[in-house]
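Participant: Kindly return the folded structure for what I paste below:
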Amino acid sequence: MSGSFRKRLWAAAGLLGAALTGSPSAQAALELYIQAPSGNQIIIASNPGQNTINITGMSLGGGLSLSLNSVSNRPGNGATQISSITTAASISNFGAAATVTLWLTDTGFTNPDPGYWVQSDVTRYDFLSGGSPTASFQTYVGPGNALFATTSTVTTSSPPSPSGSATTPGVQSFSSTPVVATNPDTKKVLFSAPAPHSITTKMTLFAPGGSQVNLEGDSMINSPEPATLAMALAGLPVVGLGLVRHRRNRKSVAAPAV
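Facilitator: Numbers count the residues shown, from 1 in each chain. Got it, this is the predicted structure:
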């Protein structure tokens with residue numbers, strides 16, 4: 001048996017072993033963490049690698065019920081260069097006024113460097129009832145590829161709390177002004193981190209008694225237009241090279257003050 005053939009045989013065996021045992025990225029699953037007055041709970045997509053969570057009329061106690069549909073497109077769409085978690089949530093409340101916070105998270109997104117938009121895009125916010133419902137929507141990207149943009153495992157006794165290692169374009173808050181898909185509310189910031197990374201959505205809904213609050217949106221990593229990216233990345237490294245060239249041509253020019 002030749003050396004090259006033996007190497008190919010061992011490589012094939014390694015690939016077969018990886019296929020049988022699975023890799024960490026293949027075992028990733030979309031997760032939902034619910035914080036409600038009656039208690040907290042985690043829901044994981046039923047099968048490893050599954051990218052969808054569907055809930056209809058789930059009781060949260062105290063007269064609260066949740067309907068939700070969330071889809072992760074992990075590891076991302078190579079054709080459109082978009083990675084996202086899209087979520088539609090509805091809270092119905094037949095009890096006392098209450099706040100429910102929903103966290104959706106997934107890992108293994110591989111949108112390429114050198115830069116991309118971290119974007120929150122709310123496509124629907126409305127409510128049925130009197131009172132004064134409110135809602136907010138926030139997007140986090142975890143450069144360390146951790147669930148819930150944190151460095152530790154989330155448990156029901158330790159609610160997720162995105163740390164400084166995550167980035168966010170800001171919170172979008174709504175009260176009496178509806179948002180519809182034809183006029184989405186969008187916030188974004190240019191960011192860069194090595195792949196893979198995680199995406200986390202945080203939705204906070206305040207529902208007065210006798211109300212229904214609906215919130216839909218996308219937590220998205222979206223490649224910017226080339227012109228925007230070029231402007232954003234025209235920073236110190238490029239300027240530094242320019243200074244080197246300039247100093248070679250004009251040695252008498254003093255170095256800039258630091």
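Participant: So which elements touch whichever strand or helix holds Ile91?
Facilitator: Ile91 is part of strand 82-93, with elements assigned from DSSP states H and E. The contact analysis (3 or more CB pairs under 8 Å, 6 or more residues apart in numbering; DSSP states H and E) places strand 82-93 against strand 64-72, strand 98-109, strand 197-207, strand 211-222. Just so you know, the C-beta spots here come from the backbone N, C-alpha and C atoms, and that holds for glycine as well.
Participant: could you give the mean pLDDT of it?
Facilitator: What strand 82-93 shows for mean pLDDT is 96.
Participant: Which stretches in this protein count as helices?
Facilitator: 3-21, 226-233, 236-249 (DSSP state H).
Participant: which non-adjacent residue is nearest Pro224?
Facilitator: With sequence-adjacent residues excluded and distances taken as CB to CB, 6 or more residues apart in numbering, Pro224 is closest to Trp117, at 5.4 Å.
Participant: burial measure for the one you found, as a count.
Facilitator: Close neighbours of Trp117, defined as other CB atoms under 10 Å, add up to 21.
Participant: need the contact list for it.
Facilitator: Trp117 sits next to 188-191, 220-224 when contact means CB atoms under 8 Å, 6 or more residues apart in numbering.
Participant: In PyMOL, select just the buried ones from these.
Facilitator: One line in PyMOL is enough to select the buried members of the contacts of Trp117, burial here meaning 16 or more other CB atoms under 10 Å:
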select buried, resi 188+190+191+220+221+222+223+224
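Participant: Looking at pLDDT only, which of the contacts of Trp117 scores worst?
Facilitator: Pro224 (72).
Participant: mind checking how far that one is from Leu66?
Facilitator: 35 Å (CB to CB, to the nearest Å).
Participant: In this structure, where is pLDDT below threshold?
Facilitator: Residue ranges of the chain with pLDDT under 70: 1-27, 48, 112-114, 150-165, 225-258.
Participant: can I have the strand holding Ile91 written out in CSV, keeping just the CAs?
Facilitator: Taking Å, rounded to 0.1, in the frame of the first residue of the first chain, the C-alpha atoms of strand 82-93 are listed here in CSV:
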residue,chain,number,x,y,z
ILE,A,82,-27.6,37.5,4.9
SER,A,83,-27.7,35.7,8.2
SER,A,84,-30.8,36.1,10.3
ILE,A,85,-33.2,35.0,13.0
THR,A,86,-36.8,36.0,12.1
THR,A,87,-39.4,36.0,14.8
ALA,A,88,-43.1,36.7,15.1
ALA,A,89,-44.5,36.8,18.7
SER,A,90,-47.9,37.4,20.2
ILE,A,91,-48.7,37.7,23.9
SER,A,92,-52.4,37.5,25.0
ASN,A,93,-53.1,38.5,28.6
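Participant: I'd like to know how many residues surround Gly95.
Facilitator: Neighbour tally, Gly95, other CB under 10 Å: 15.
Participant: Nearest residue to it in space, please, no chain neighbours.
Facilitator: Leaving out its chain neighbours, the residue that sits closest to Gly95 by CB to CB, 6+ apart is Gly63, at 2.5 Å.
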